[in-house]
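J.: Pasting the sequence and the predicted model now:
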Amino acid sequence: MMQGTPQLEHKFARFGEDLSLKEATEIKGYASLFGQADQGGDVVERGAYAASLKALRDQGRSVKMLWQHDPHQPIGVWDEVREDARGLYVKGRILTATPKGAEAAALIEAGAIDGLSIGYRTQKATRAPDGTRHLTQVELWEVSLVTFPMLPAARVAGKSSAAEAEAEALRALADGLRQITRGLKAGQT
């Protein structure tokens, strides 16, 4: 086997209730979920993206939004890419002024496209006795909208409704209040 630069790999996640399309351009959801084996037998561990996301921020670069992993077909921009307790959360805008962006938005809205996939290079991984590969550090390159996802547990909801947006705003407010309360309690000890 040749030594050198590792190959670019892809991980797929099906859209679900956690990914939505708003006003035909805003898209958000999870591109990767921690601790869940995909169809290729890989499990991404919590914190696997941290170093890569920090390096991208430090260099003033961003994760690319592509159509079907084709580097010649960017279809939008990811405005937010971050790890949380659940996985790799992404939020961005599909640029419908581009032909592929308009096509992607229409296909998502119709339910014909229901997947996200990450393009990355493995930096650190371990192999469990059962053969499962646990990815502990990856270099994230891109998140694509794709036809066939590999991680069925992450799914898209489709177009965001006003009720969903209101529920999301209430969840964010509750999260913020919990963080403030924790901060106040920590300051009292």
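T.: Alright, I've got the coordinates.
J.: Would you map the strands across this structure?
T.: Per DSSP state E, the chain carries strands over the ranges 9-14, 19-22, 26-33, 42-44, 64-67, 70-83, 87-94, 115-127, 133-146, 156-159.
J.: same for the fourth one, what does it pack against?
T.: For strand 42-44, the elements it packs on are strand 133-146, judged by 3 or more C-beta pairs under 8 Å, 6 or more residues apart in numbering; DSSP states H and E. The way it works is simple: take the backbone N, C-alpha and C, and place the C-beta from them, glycine included.
J.: try the fifth one
T.: Applying 3+ C-beta pairs under 8 Å, 6+ apart, one finds that strand 64-67 makes contact with strand 70-83, helix 99-110, strand 133-146.
J.: Please identify the most buried of these.
T.: strand 133-146 (a mean of 21; mean count of other C-beta atoms under 10 Å).
J.: how much does it deviate in direction from strand 26-33?
T.: Per axes from the mean of the first three to the mean of the last three C-alpha atoms, to 10 degrees, the angle that strand 133-146 makes with strand 26-33 is 160 degrees.
J.: So what are the sheet partners of strand 133-146 and their directions?
T.: strand 42-44 (parallel), strand 64-67 (parallel), strand 115-127 (antiparallel) (DSSP bridges).
J.: export the helices and strands packed on strand 64-67 to JSON lines and tack on distance to Ala48?
T.: What follows is those, written out as JSON lines (distance: least, C-beta to C-beta, whole Å):
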{"stretch": "strand 70-83", "distance to Ala48": "8"}
{"stretch": "helix 99-110", "distance to Ala48": "26"}
{"stretch": "strand 133-146", "distance to Ala48": "5"}
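J.: Who does Gln137 form a beta bridge with?
T.: Lys124.
J.: what residues are up against it?
T.: By C-beta atoms under 8 Å, 6 or more residues apart in numbering, Gln137 lies in contact with Gly47, Ala48, Ala51, Ser52, Thr122, Gln123, Lys124, Ala125.
J.: which one of those has the most neighbours?
T.: Neighbour counts for these (other C-beta atoms under 10 Å) peak at Ala48, which has 25 neighbours.
J.: May I see the buried residues of stretch 26-35?
T.: Of the residues in stretch 26-35, Glu26, Ile27, Lys28, Gly29, Tyr30, Ala31, Ser32, Leu33, Phe34 count as buried by neighbour count, 16 or more other C-beta atoms under 10 Å.
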